[in-house]
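[1] Sharing a model that was predicted from the sequence below.
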Amino acid sequence: MILAAGRGERMRPLTDHTPKPLLTAGGKPLIVWHLEKLAQAGFTNVVINHAHLGEQIETMLGTGSSFGLSIRYSHEEQALETAGGIVKALPLLNDAPFLVINADIWTDYDFRQILPRLDAMKAHRATDCLAHLVMVDNPPQHSRGDFALSANTVHSDGSSLLTFSGIGIYRPALFAGMVPGRPAKLAPLLRWAMQREQVSGEYYAGCWRDIGTPARLAALNSELSG
């Protein structure tokens, strides 16, 4: 699943007429970078949620056949936050663990390297692990970090925090009891699971960018074009 429903307030005025996932860097919309990498890694089915100007996303990407993918869409009348968007899309994701990616990041992370973890979570349905997060170094705009990573387990606090990349695997059970169509944030669910040591993680040292402002988008475009 690719999370693409955010309004992109910090990206205005760029997002007044274009949804943030369709903003371009290096000659491609941000979301297209993800779709191409997913296809290269062997993924075949993708769900994309959208809200603000979402019809543009559907018009551009269509069924996904041009990427070698099958894309289905989860439309939100109003953005439901991360967890709320996932809960609404669960009927399209079946009952197995699934990969989720934020549309507004850019990374050279090879999604093939997360496949063994995804397969393991699918194979061991009785495991206590509810989520697996890819953690990265803290960027300048988020120097405090999010969570701690120790012995492949993610904790809500610690002496050295890393930033959650926006790439993670989730088990549907993480969202048990949540009401579809109701806005909900993801972080509280993750912290709840972390308290029970039910969140695993990995550290990625490669290139990762959070494209949250026009300046960061321009910097990424310059980097990719150069």
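    Nice, I can see it.

[2] residues touching Glu77, list them.
    Glu77 makes contact with Ala51, according to Cβ atoms under 8 Å, 6 or more residues apart in numbering. From N, CA and C alone the C-beta is placed, and that goes for glycine too.

[3] correct me, but Gly85 touches Asn49?
    Yes: with contact defined as Cβ atoms under 8 Å, Gly85 reaches Asn49; the gap is 4.5 Å.

[4] which residues of this structure score low on pLDDT?
    For the chain, residues meeting the criterion pLDDT under 70 lie at 125-127.

[5] what kind of secondary structure is the residue nearest to the spatial centre of it in?
    Centroid check for the chain by Cα atoms, centre = their mean gives Ile101 as the closest residue, at 2.0 Å. Classification of Ile101 by DSSP: H, G, I helix; E, B strand; the rest coil places it in strand.

[6] Ala215 versus that one, what's the distance?
    Noted for Ile101: a distance of 23 Å to Ala215, by Cβ to Cβ, to the nearest Å.

[7] What of Lys88?
    32 Å.

[8] These two: which is more packed in?
    Taking other Cβ atoms under 10 Å, Lys88 and Ala215 do not tie; Lys88 has more neighbours (21 against 10).

[9] Point me to the helix or strand that includes the more buried one.
    helix 81-93 (DSSP states H and E).

[10] who's in contact with that helix?
    Taking Cβ under 8 Å, 6+ apart as the rule, helix 81-93 contacts 1, 3, 5, 47, 49, 72, 74, 76, 79-80, 100, 170, 172, 175, 178-186, 189.

[11] Convert the C-alpha atoms of it to PDB, please.
    Output in PDB follows, covering the C-alpha atoms of helix 81-93 (Å, rounded to 0.1, in the frame of the first residue of the first chain):
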ATOM      1  CA  GLU A  81      -4.500  10.000   8.900                       C
ATOM      2  CA  THR A  82      -2.200   7.100   8.400                       C
ATOM      3  CA  ALA A  83      -3.900   4.400  10.500                       C
ATOM      4  CA  GLY A  84      -7.300   5.500   9.500                       C
ATOM      5  CA  GLY A  85      -6.400   5.300   5.900                       C
ATOM      6  CA  ILE A  86      -4.900   1.800   6.300                       C
ATOM      7  CA  VAL A  87      -8.000   0.600   8.200                       C
ATOM      8  CA  LYS A  88     -10.300   1.800   5.400                       C
ATOM      9  CA  ALA A  89      -8.200   0.000   2.800                       C
ATOM     10  CA  LEU A  90      -7.900  -3.300   4.700                       C
ATOM     11  CA  PRO A  91     -10.700  -5.000   2.600                       C
ATOM     12  CA  LEU A  92      -8.400  -4.500  -0.400                       C
ATOM     13  CA  LEU A  93      -5.300  -5.800   1.400                       C
END
